[in-house]
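Visitor: here you go, sequence then predicted model.
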Amino acid sequence: MIHSESYQSLKAKLSAYILQKTEAVVQAGPFAGMILPSHHTWGDGMDMSSKLLGFYEQELHGWIEEAIARGPDLILNVGCAEGYYAIGMAIRTAGSRILAFDIDEQSQTVCRQYASVNNVSDRIHVMGKLSAEELEDHLLGSTKPFLVVDCEGCELDLLRPDVAPSLLFSTLLIECHDFANALITKTLVERFSTSHRITIISEGARDPNTSPILAELGSSYRWMAVDEGRPQCMNWIHAAPIKGLMR
């Protein structure tokens, strides 16, 4: 999505306002109460307001709650950025081991800092690039792994059951970057259709009018606050292993 310089400037001022109003604490959603300071590590930080207000990737909230209720013993977050999912899941799942991966060194640094601020540093292991072979090594021994994958188009190379067969027993939540490769969603659905129950989740609407913090702002600013800066309508895949195939 292309934004004008004036839009980006307004968005930055709005983000600063929301940061002040929320005192850097996520207000709603599955990770309400998580501290999320001002540093962002991806793009131009278009999604920080949405995260703080609790609207971020609202389409996934129910699936995240379902994963938490299942009690995963391993949570593996690929493309962790500043650690929104890795840290949020660490807060919500006291017994889980958390592995966070990002190829960007700044993201790794900020993720570690945010983990410390949220008192979960001892639960999160932050690492760099991950291959399919290394993924298999990390999954071995886990009985209820949950993967949150947002790796900007690399999901096809990473999520390969022929290289990492433990994926067949893993619950997957995958952001599909079809704008990078139009075949990503189709290919992943085909790849896991015999081993998993597949749900395709499409980007949906937000209602900023439900936020008390936004109530005093004009309508254009309210909608701007929940703009996540996506280049096109996004899809996610939720893939749950078929019960008979679970180890």
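Guide: Okay, I see it.
Visitor: need the contact list for the most centrally placed residue in the chain.
Guide: Closest residue to the average C-alpha location of the chain: residue 85 at 5.0 Å, with CA atoms, centre = their mean. Applying CB atoms under 8 Å, 6 or more residues apart in numbering to residue 85 gives the contacts 77, 148, 150. Any C-beta I mention is one placed from the backbone N, CA and C, and that applies to glycine too.
Visitor: what secondary structure does it sit in?
Guide: Under DSSP: H, G, I helix; E, B strand; the rest coil, residue 85 falls in the helix class.
Visitor: what bits of this protein have low per-residue confidence?
Guide: In the predicted model of the chain, residues 1-5, 39-45, 244-247 satisfy pLDDT under 70.
Visitor: just the strands in it please.
Guide: In the chain, the strands defined using DSSP state E lie at 74-78, 97-101, 124-127, 145-149, 171-176, 196-202, 235-241.
Visitor: dump those strands into CSV; add mean neighbour count and distance to residue 62 as well.
Guide: Output for the strands of the chain, formatted as CSV (neighbours: other CB atoms under 10 Å; distance: least, CB to CB, whole Å):
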stretch, mean neighbour count, distance to residue 62
strand 74-78, 25, 17
strand 97-101, 23, 21
strand 124-127, 19, 24
strand 145-149, 25, 14
strand 171-176, 23, 11
strand 196-202, 15, 9
strand 235-241, 21, 10
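Visitor: switch the ones you listed over to TSV; also include distance to residue 219.
Guide: Putting those into TSV (distance: least, CB to CB, whole Å) gives the following:
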stretch	distance to residue 219
strand 74-78	35
strand 97-101	37
strand 124-127	39
strand 145-149	33
strand 171-176	29
strand 196-202	24
strand 235-241	28
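Visitor: who does the helix ranked longest in the chain touch, helix- and strand-wise?
Guide: Taking DSSP state H as the criterion, the chain has its longest helix at helix 5-22. On a contact count with 3 or more CB pairs under 8 Å, 6 or more residues apart in numbering; DSSP states H and E, helix 5-22 meets helix 48-53, helix 219-225.
Visitor: make a markdown table out of those helices and add distance to residue 27.
Guide: Below are the helices and strands packed on helix 5-22 laid out as a markdown table (distance: least, CB to CB, whole Å):
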| stretch | distance to residue 27 |
| --- | --- |
| helix 48-53 | 6 |
| helix 219-225 | 12 |
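Visitor: out of those, the one nearest residue 13 is which?
Guide: Within those, the stretch nearest residue 13 is helix 219-225; the backing value is 9.6 Å (CB to CB).
Visitor: give me the contacts around that closest one.
Guide: 7, 10-11, 14, 18, 49-50, 53, 206, 208-209, 211, 214, 217.
Visitor: now distance to residue 169 too, for these, in TSV please.
Guide: Shown next, in TSV, are the contacts of helix 219-225 (distance: CB to CB, whole Å):
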residue	distance to residue 169
7	45
10	47
11	42
14	43
18	40
49	37
50	33
53	36
206	34
208	39
209	42
211	39
214	42
217	47
